[in-house]
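Trainee: Predicted model and sequence follow; I will ask about them next.
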Amino acid sequence: MADSALTSETVTVSILGKEYRVACADSERAGLLASAQLLNERMSRIRTAGTVIGAERVAVMAALNIAHELIQAKAELSSIPLQKEILDRLQDKVHNVLGETDPESEPQS
C-alpha cells in the first residue's frame, strides 16, 4: 500500500485567467492552491497597475517581489536566535540580581 504523502494527484490552478494542471502530492495540495492564489493576486495587481505589459513580464515582476519578500523573511528569522540568546543572557542577569535581593529566596525561620 502506497504512503499517502507519496500519492500524487493533478490539481488545476488558475493564474491570470489561464488554467494550469500541476501534479503534486496529496499532502501538498493546500500549499499549491495557496501559492497559486498568491501568485494570481500579485500578478493581477501588477497587471492592473498598468506599469508592466505582457504576461511574461508580469510573471517575472511578481516572482521578483515574492522572492524579495522571502529573502527578507529569512533574514528576519535568522536574527531570532541572536535575539533569543541576548534575551536569555538578560534573563540570567535579572535572575542573578533578584536571587541576591529577593526576600523569598532567603530561608524562613
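Mentor: That came in fine, so what should we check first? Numbers count the residues shown, from 1 in each chain.
Trainee: Show me what counts as buried in the one helix or strand Ser35 maps to.
Mentor: Following DSSP states H and E, one finds Ser35 within helix 29-49. Neighbour counts over helix 29-49 (16 or more other CB atoms under 10 Å) mark 36, 39-40, 42-43, 46-47 as buried. For glycine as for every other residue, the C-beta is placed from the backbone atoms N, C-alpha and C.
Trainee: So Val13, which state does it fall into?
Mentor: Secondary structure, DSSP: H, G, I helix; E, B strand; the rest coil: Val13 is strand.
Trainee: Would you mind measuring from Glu9 to Glu19?
Mentor: 16 Å (CB to CB, to the nearest Å).
Trainee: Going toward the C-terminus from the helix holding Ser35, what's the next helix or strand?
Mentor: Next along from helix 29-49, by DSSP H and E: helix 55-101.
Trainee: follow-up on the earlier one: show me what the helix holding Ser35 is packed up against.
Mentor: Taking 3 or more CB pairs under 8 Å, 6 or more residues apart in numbering; DSSP states H and E as contact, the helices and strands that helix 29-49 lies on are strand 8-15, strand 18-25, helix 55-101.
Trainee: Could you export that helix as PDB, CA atoms only?
Mentor: Written as PDB, here are the backbone C-alpha positions of helix 29-49 (Å, rounded to 0.1, in the frame of the first residue of the first chain):
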ATOM      1  CA  ARG A  29      -2.400  20.300  -2.400                       C
ATOM      2  CA  ALA A  30      -3.400  23.000   0.000                       C
ATOM      3  CA  GLY A  31       0.000  24.600  -0.200                       C
ATOM      4  CA  LEU A  32      -0.100  24.500  -4.000                       C
ATOM      5  CA  LEU A  33      -3.500  26.100  -4.100                       C
ATOM      6  CA  ALA A  34      -2.500  28.900  -1.700                       C
ATOM      7  CA  SER A  35       0.700  29.500  -3.700                       C
ATOM      8  CA  ALA A  36      -1.300  29.700  -6.900                       C
ATOM      9  CA  GLN A  37      -3.800  32.100  -5.300                       C
ATOM     10  CA  LEU A  38      -0.900  34.300  -4.000                       C
ATOM     11  CA  LEU A  39       0.700  34.400  -7.400                       C
ATOM     12  CA  ASN A  40      -2.500  35.100  -9.200                       C
ATOM     13  CA  GLU A  41      -3.300  38.000  -6.800                       C
ATOM     14  CA  ARG A  42       0.200  39.500  -7.200                       C
ATOM     15  CA  MET A  43       0.200  39.200 -11.000                       C
ATOM     16  CA  SER A  44      -3.300  40.700 -11.200                       C
ATOM     17  CA  ARG A  45      -2.300  43.600  -9.000                       C
ATOM     18  CA  ILE A  46       0.800  44.300 -11.200                       C
ATOM     19  CA  ARG A  47      -1.200  44.000 -14.400                       C
ATOM     20  CA  THR A  48      -4.000  46.300 -13.100                       C
ATOM     21  CA  ALA A  49      -1.400  48.900 -12.100                       C
END
